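Student: I'd like to go over a predicted model; first the sequence, then the structure.
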Amino acid sequence: MNDKSLRGVSKSGDAESLTRRGRLIRVTATLIGCALLLTGTAVGDDDDFPFGPFRVYASADPPGAPVADTRVEAVDTAGLRRILTQADTGIRRAEIEGQLDRFTAEPSRLSTVATAYQRRNPGAAPLREVSVVVRWHEVRDGRPTGRSWDATTVVWRP
């Protein structure tokens, strides 16, 4: 060490130390954080993130399992069928997929998609039907076969 690189630093090493209360607060906060992490890891799920495990990418389907491609379709009062995208509604596909069980249990929840569409597209014809459709892509030995089929999961009509 040279004196030039340590200007303004005391040579005696008399750095301020934490008070007993300060140490207690830090140790307590650390123990609480560790307890939350351990509990979340043992019994938590994605909803408990950051204290629970983020499992969404921690698993894999078997190499022959079909792959789901979820989309939202709508029919307006003019009879035009269209696929609703994030640009149309402001709702990401992942949000739809994450709430799919709730939409299926209570189709009226899809009215929020119709409302979001009308807000973003005030001049567009109102929607008379909103549905969630899953296109299943067939996979064999980890490779797509080119075959697919659609399954309508839930439909909402006002």
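Tutor: Great, that's in hand. Numbering: from 1, shown residues only.
Student: Check which helix or strand P144 maps to.
Tutor: Assigned by DSSP states H and E, P144 falls within strand 143-156.
Student: Do a quick rundown of the helices in the protein.
Tutor: Under the criterion DSSP state H, the chain contains helices at 20-43, 86-89, 93-98, 100-105, 111-120.
Student: Tabulate these (a markdown table), appending mean neighbour count.
Tutor: In this view, the C-beta of every residue, glycine as well, is placed from N, C-alpha and C. Shown next, in a markdown table, are those (neighbours: other CB atoms under 10 Å):
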| stretch | mean neighbour count |
| --- | --- |
| helix 20-43 | 11 |
| helix 86-89 | 15 |
| helix 93-98 | 14 |
| helix 100-105 | 14 |
| helix 111-120 | 16 |
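Student: between those helices, which gets nearest to V139?
Tutor: Of all the helices of the chain, helix 93-98 sits nearest to V139, with 18.3 Å by CB to CB.
Student: circling back to that earlier point, and the strand holding P144, what's buried?
Tutor: Residues of strand 143-156 classed as buried by neighbour count (16 or more other CB atoms under 10 Å): T153, V154, W156.
Student: Reformat the helices of the chain as TSV; add mean pLDDT and distance to R140.
Tutor: Formatted as TSV, those follow (pLDDT from 0 to 100; distance: least, CB to CB, whole Å):
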stretch	mean pLDDT	distance to R140
helix 20-43	91	36
helix 86-89	96	31
helix 93-98	94	24
helix 100-105	96	26
helix 111-120	96	34
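Student: can you redo the ones you listed as TSV with distance to E138?
Tutor: Formatted as TSV, those follow (distance: least, CB to CB, whole Å):
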stretch	distance to E138
helix 20-43	36
helix 86-89	27
helix 93-98	20
helix 100-105	21
helix 111-120	28
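Student: closest one to G79 among these?
Tutor: helix 111-120 (15.8 Å).
Student: Counting neighbours, what do you get for the residue nearest to T41 when sequence neighbours are not counted?
Tutor: With sequence-adjacent residues excluded and distances taken as CB to CB, 6 or more residues apart in numbering, T41 is closest to P53, at 5.8 Å. Residues near P53, counting by other CB atoms under 10 Å, number 16.
Student: Pretty sure P53 sits against V43.
Tutor: No - using CB atoms under 8 Å, P53 makes no contact with V43, being 10.0 Å away.
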